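Engineer: 3D, please:
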Amino acid sequence: MKKISLLVIIFQILIFGNAYSVKDAVGSSAGEFSKVGGAGSQFLKIGIGARATSMAGAYCSIVDDLSSIHWNPAGLSNIKKMTAEFSYNRWFSTYTHNFGALAMPIGPDFTAALSVVSLNSGDIPITTIERPFGTGANYQIRDLSLNLSFSGYLTDQFAFGITAKYINNAFASLSSSNIAFDIGTLFDTQFLGIKLGFSIHNLGGTQSYTGSDLLSSKKLWDAMNSTPLDVNYNSYAYGLPLIFRAGISSKVYQDEENSVLTALDFVTHSDVPEQFSLGAEYVWNDLISFRAGYIIGQDQLGLAGGFGIKYDGGVFGGKIDYSINNTKNLGLINRITIGLNFGE
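Structural biologist: Okay, the predicted model is just below:
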């Protein structure tokens, strides 16, 4: 089993190296933001879960709840009860970013989960040159990801996880779809509480928009007295933002009532430079938590913080987490996560 664990880690590294060796529209993280805009479906980068985002995303090796579907699917293996989770995020302007998931253990070592991620702009008025204050009609921008995840322990120290995703981007009458995969591993060193996490996200092909707004009719020459010809505009294909995460965490202090957890993540994207996330969590009596974090290498996000309340009643348990993230130009981002679990 140890050989299998090592092979899985090597497989992840090989996939990551091969993906970044391809010089196509997906881009590379090298350079000073030279590849920004080289990938679509940017909503896949938005952090999920108030606990994780309050630690600035330093979560790849901590993962033990349903938000692990976003950060490292291997973390699902730590869920041993039927669990449901919902996160609400008021993004910028009228945009909302939501996450909902349900997990079910399969035997003592494996867990499966269904989840959905959505980003929605709400109604945006349609304006024209003749009617700059609106035509009375609206359109929306809608991004959606439907996910099926499976995770489990191969040994008492090593866990793996994989997520298959159906991704849909919609803009007015246009839409595009794709299938992608996430792969993650989690290793508990059982030394000083140190855990290691690795994950690769959004392995998939390219996609392009189709829809009625790409159809029109034009005359070859406006002055000609002829029937207009049908025109079908072509849209360029775009790839998904490829993401690689590597994390390390440790409980640096623990007694009967108090514990302190620290974490460091290294994150590289296919379309922006590398980033580092630092996070810490203080827990009192396994009931109340206070968290803080900081992102290095991000041009908007930086300082993060939050708190959480957890209840474990044996057959029934729950949690409420809140996070706040500061941005340089666009104000504060507030998130709330509610989780419930059932069973012995």
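Engineer: can you pull the contacts of Asp312?
Structural biologist: Asp286 (Cβ atoms under 8 Å, 6 or more residues apart in numbering). The way it works is simple: take the backbone N, C-alpha and C, and place the C-beta from them, glycine included.
Engineer: For it, which residues count as its bridge partners?
Structural biologist: Note on Asp312: beta-bridge partners Gly317, judged by DSSP bridges.
Engineer: Likewise for Leu301?
Structural biologist: Thr327.
Engineer: Test my guess that it contacts Thr327.
Structural biologist: Yes - assessed by Cβ atoms under 8 Å, Leu301 is found in contact with Thr327 at 6.0 Å.
Engineer: Counting neighbours, go ahead and name the busier of those two.
Structural biologist: Counted by other Cβ atoms under 10 Å, Leu301 and Thr327 do not tie: Leu301 has more neighbours, with 22 against 15.
Engineer: per-residue confidence at that one?
Structural biologist: Note on Leu301: pLDDT of 88.
Engineer: ok, now Tyr322?
Structural biologist: With respect to pLDDT, Tyr322 has a value of 97.
Engineer: and the gap between it and Arg291?
Structural biologist: Counting by Cβ to Cβ, to the nearest Å, the gap from Tyr322 to Arg291 is 10 Å.
Engineer: List the beta-bridge partners for Asn98.
Structural biologist: Beta-bridge pairing for Asn98 (DSSP bridges): Tyr88, Ser118.
Engineer: This structure: helices as residue ranges?
Structural biologist: With DSSP state H as the criterion, the chain has helices at 2-21, 50-54, 68-71.
Engineer: Now do stretch 287-294, average pLDDT.
Structural biologist: 96.
Engineer: so how far is that stretch from its chain's centroid?
Structural biologist: Remark: stretch 287-294 is offset 20 Å from the chain centroid, using Cα atoms, centre = their mean, to the nearest Å.
Engineer: can I get the CA coordinates of it in PDB?
Structural biologist: Output in PDB follows, covering the C-alpha atoms of stretch 287-294 (Å, rounded to 0.1, in the frame of the first residue of the first chain):
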ATOM      1  CA  LEU A 287     -16.300  24.500  20.500                       C
ATOM      2  CA  ILE A 288     -15.200  28.000  19.500                       C
ATOM      3  CA  SER A 289     -12.500  28.800  16.900                       C
ATOM      4  CA  PHE A 290     -10.700  32.000  15.900                       C
ATOM      5  CA  ARG A 291      -8.800  32.100  12.600                       C
ATOM      6  CA  ALA A 292      -6.600  34.400  10.600                       C
ATOM      7  CA  GLY A 293      -4.500  34.200   7.400                       C
ATOM      8  CA  TYR A 294      -2.600  36.100   4.800                       C
END
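Engineer: got a list of contacts for that stretch?
Structural biologist: Under Cβ under 8 Å, 6+ apart, the answer for stretch 287-294 is 51, 54-58, 277-283, 302-311, 321, 323.
Engineer: buried sites along that stretch?
Structural biologist: For stretch 287-294, burial by neighbour count (16 or more other Cβ atoms under 10 Å) applies to Ser289, Arg291, Ala292, Gly293, Tyr294.
Engineer: Reformat these as TSV; add distance to Ser208.
Structural biologist: What follows is the buried residues of stretch 287-294, written out as TSV (distance: Cβ to Cβ, whole Å):
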residue	distance to Ser208
Ser289	44
Arg291	40
Ala292	42
Gly293	37
Tyr294	38
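Engineer: what about the nearest residue to Pro105 once chain neighbours are set aside, how many neighbours?
Structural biologist: Leaving aside its sequence neighbours, Pro105 sits nearest to Thr111 (Cβ to Cβ, 6 or more residues apart in numbering; 5.2 Å). The burial count assigned to Thr111 is 28, neighbours taken as other Cβ under 10 Å.
Engineer: quick one: contacts for Thr111?
Structural biologist: Counting by Cβ under 8 Å, 6+ apart, Thr111 has contacts Leu76, Ser77, Ile79, Lys80, Ala103, Met104, Pro105, Phe150, Ser151, Gly152.
Engineer: ok, which pair from these is furthest apart?
Structural biologist: The largest separation in the contacts of Thr111, counting by Cβ to Cβ, is between Lys80 and Phe150 at 15.1 Å.
Engineer: Number of residues surrounding Ala113?
Structural biologist: Ala113 has 24 neighbouring residues, counting by other Cβ under 10 Å.
Engineer: so who does it touch?
Structural biologist: By Cβ under 8 Å, 6+ apart, the neighbours of Ala113 are 66, 69, 76, 79, 101-104, 147-151.
Engineer: Give me the pLDDT for it.
Structural biologist: Model confidence at Ala113, given as pLDDT, is 96.
Engineer: what do you get for the one 3 residues further on?
Structural biologist: pLDDT, Val116: 97.
Engineer: how about it, what does it touch?
Structural biologist: Counting by Cβ under 8 Å, 6+ apart, Val116 has contacts Phe99, Gly100, Ala101, Leu144, Ser145, Leu146, Asn147.
Engineer: leaving aside the residues next to it on the chain, what's closest to the last one?
Structural biologist: Counting by Cβ to Cβ, 6+ apart, Asn147 lies nearest to Ser115, which is 4.5 Å off, once chain neighbours are set aside.
Engineer: if I pick that neighbour, what's in contact with it?
Structural biologist: By Cβ under 8 Å, 6+ apart, the contact set of Ser115 is Leu66, Ile69, Phe99, Gly100, Ala101, Leu102, Leu146, Asn147, Ser149.
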